[in-house]
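> Sequence and computational prediction follow.
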Amino acid sequence: MRIETLDKPAADAEEGELQLPVDFTMRLDGFEERSVTQRLLYTFRQVDGEVGLVNDRNAQRDLRTGWLPDPRDVGDVVVRESGSILAFFDEETAPYADAVMKDLRASRETVLAAVPNWSGQLVAYDISDFAGLEKRTPMQVWETGGVAYPVFVRPGSDEVAAVRFIVNPDVVHNSLNREFLLPHELTHVALGSRDDASPRWLSEGAAEYVSRTQYSVEEQRRMAGFAADYLGITDPVPVNGTDFYANPNVSYETASIACTYLAVTRGEQTLWDLMDAFTTAGRGLSAAQVDAIVQREIGLDTATLARDAVAWAAAAG
Ligand SMILES: [Zn+2]
């Protein structure tokens with residue numbers, strides 16, 4: 001941890017207060033490799049002849065600078081750790097901590113087995129205040145099981161220091177999907193920035209694929225066939241960008257079937273190689289450019305890949 005005060009006092013302090021901008025640098029030793037610097041605003045006030053620190057941050061300033069504080073920066077948390085897993089709960093979610101930690105450990109094993117070169121270190125939140133989740137999900141909170149999000153090395157930087165994740169306690173504590181939800185989010189954590197340039201169907205489909213690797217290949221194929229049938233996916237269209245969230249159930253399942261098909265029929269490495277090809281090509285590709293890369297890497301265009309995948313799933317015994 002490092003605290004560094006900057007020399008200029010802030011302009012919007014109230015009468016009798018002193019505000020000091022502070023660069024606060026901290027690394028979660030044992031759970032993350034890199035440190036994160038936050039820009040805080042310390043407010044000091046003189047009371048009965050004593051000068052005391054009355055606030056260590058300023059919400060208006062965070063809003064102005066676009067800095068989204070981590071949930072533990074703005075509320076009381078209950079900390080649990082297990083090996084290289086650090087998790088934060090609160091008073092309301094703490095009763096579920098044992099069960100969630102157990103699931104996190106199992107999910108970590110699933111993801112370690114599937115995603116190459118992951119350290120296995122992770123930082124997770126399971127808290128009842130939805131504000132942090134709401135600001136980070138592209139979907140409605142009720143349909144969000146969890147969200148993995150990048151933490152940047154300092155405000156204004158696009159260099160990622162770590163990927164953390166927040167689970168939606170309503171979903172994780174109650175849903176039948178919890179066994180898939182945690183490894184799905186952990187896959188995003190494990191991939192870090194590796195899938196940043198990938199089309200949405202590839203990053204989400206790969207995460208969904210990994211979450212099902214706790215089942216046998218035959219079962220994964222049957223699950224894909226069942227889901228395609230249940231959702232009526234007969235003419236699949238893999239979706240990229242924010243359109244992905246217009247019809248999330250169909251988008252996630254189409255993506256999952258395509259990625260499961262690739263991983264099962266050609267080996268898991270195909271997914272990571274495809275992601276790396278997108279990283280090399282860079283972000284902001286047009287649909288035609290995305291298609292050209294898929295064609296070059298796997299010998300099929302995106303639409304054919306999705307159709308073949310759904311046919312493969314439907315033919316499961
Ligand atoms: Zn996801």
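Everything's here; your move. Please read these numbers as outputs of a predicted model, since none were measured by experiment.
> quick one, strands of the stretch 1-150 of the chain?
Shown for the stretch 1-150 of the chain, the strands assigned by DSSP state E, counting those that start in this stretch span residues 2-5, 17-26, 36-47, 50-55, 78-82, 85-89, 122-126, 146-152.
> right, so those: which one is the most enclosed?
Of all these, strand 122-126 carries the top mean neighbour count, a mean of 25, counting by mean count of other CB atoms under 10 Å. Bear in mind the C-beta positions are built from the backbone N, C-alpha and C, glycine included.
> Quickly run through the sheet partners of that strand, with directions.
Strand pairing for strand 122-126, determined by DSSP bridges: strand 85-89 (parallel), strand 160-167 (parallel).
> What lies in contact with that strand?
Applying CB atoms under 8 Å, 6 or more residues apart in numbering, the external contacts of strand 122-126 come out as 28, 31-32, 70-72, 84-89, 93, 96-97, 100, 104, 108, 132, 162, 164-167, 169, 172, 186, 189.
> do stretch 260-280 as well
Applying CB under 8 Å, 6+ apart, the external contacts of stretch 260-280 come out as 114-116, 191, 194-199, 202-203, 205-206, 208-209, 212, 217, 220-221, 224, 259, 285, 290, 293-294, 296-298, 305, 308-309, 312-313.
> Just those: which are in strands?
Counted as lying in strands by DSSP state E, out of the contacts of stretch 260-280, is not a single one.
> Make sure Gly205 is actually in contact with Ser251.
No. Counting by CB atoms under 8 Å, no contact exists between Gly205 and Ser251, whose distance comes to 9.3 Å.
> shaky segments in the stretch 151-300 of the chain?
Of all residues in the stretch 151-300 of the chain, those with pLDDT under 70 make up the ranges 175-176.
> quick one on the thing from earlier: any idea which of the strands paired with strand 122-126 gets closest to Glu179?
Shortest distance between Glu179 and the strands paired with strand 122-126, using CB to CB, is found for strand 160-167: 12.9 Å.
> Would you mind naming what in the stretch 201-317 of the chain lies close to the ion?
When proximity is defined by CB under 5 Å from the ion, the stretch 201-317 of the chain lies next to the ion at 204, 207.
> hmm, back to that, for PyMOL, write a command that selects the buried ones of the contacts of strand 122-126.
Applying 16 or more other CB atoms under 10 Å to those, the buried members can be selected in PyMOL as follows:
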select buried, resi 28+31+32+70+71+85+86+87+88+89+93+96+97+100+104+108+132+162+164+165+166+167+169+172+186+189
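> Distance to the ion added to the strands of the stretch 1-150 of the chain, as TSV?
Output for the strands of the stretch 1-150 of the chain, formatted as TSV (distance: least, CB to the ion, whole Å):
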stretch	distance to the ion
strand 2-5	33
strand 17-26	27
strand 36-47	22
strand 50-55	35
strand 78-82	23
strand 85-89	19
strand 122-126	14
strand 146-152	7
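> JSON lines for these, including distance to Ala277?
Conversion of the strands of the stretch 1-150 of the chain to JSON lines gives the following (distance: least, CB to CB, whole Å):
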{"stretch": "strand 2-5", "distance to Ala277": "39"}
{"stretch": "strand 17-26", "distance to Ala277": "35"}
{"stretch": "strand 36-47", "distance to Ala277": "30"}
{"stretch": "strand 50-55", "distance to Ala277": "48"}
{"stretch": "strand 78-82", "distance to Ala277": "36"}
{"stretch": "strand 85-89", "distance to Ala277": "32"}
{"stretch": "strand 122-126", "distance to Ala277": "27"}
{"stretch": "strand 146-152", "distance to Ala277": "21"}
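> weakest of those strands by average pLDDT?
When those are compared on mean pLDDT, strand 2-5 scores lowest, with a mean of 56.
> Go ahead and confirm Glu81 touches Ala87.
Yes. Applying CB under 8 Å as the test, Glu81 and Ala87 come out as touching, 7.3 Å apart.
> Common neighbours of those two, please.
Shared contacts of Glu81 and Ala87 (CB under 8 Å, 6+ apart): none.
> ok so, going back, who's more crowded, Gly205 and Ser251?
More neighbours surround Gly205 than the other of Gly205 and Ser251, with 29 against 22 (other CB atoms under 10 Å).
> Could you measure from that one over to Ala162?
Gly205 sits 24 Å away from Ala162, going by CB to CB, to the nearest Å.
> Look at Trp67 and say how many residues are nearby.
17.
> what does Arg307 give?
Neighbour count of Arg307, defined by other CB under 10 Å: 17.
> follow-up on the earlier one: return a PyMOL selection command for the buried portion of the contacts of stretch 260-280.
If you want just the buried ones from these in PyMOL, going by 16+ other CB under 10 Å, the selection is:
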select buried, resi 114+115+191+194+195+197+198+199+202+203+205+206+208+209+212+220+221+224+259+285+290+293+294+297+298+305+308+309+312+313
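> So which residues make contact with stretch 68-81?
With CB under 8 Å, 6+ apart as the contact definition, stretch 68-81 has outside contacts at 31, 38, 57, 62, 86-91, 93-94, 97, 101, 125, 127, 129, 131-132, 135-136, 151, 164, 166.
> redo that, cut-off 6 Å
If you take CB atoms under 6 Å, 6 or more residues apart in numbering as the criterion, stretch 68-81 is touched by 62, 87-90, 94, 97, 101, 125, 127, 129, 132, 135.
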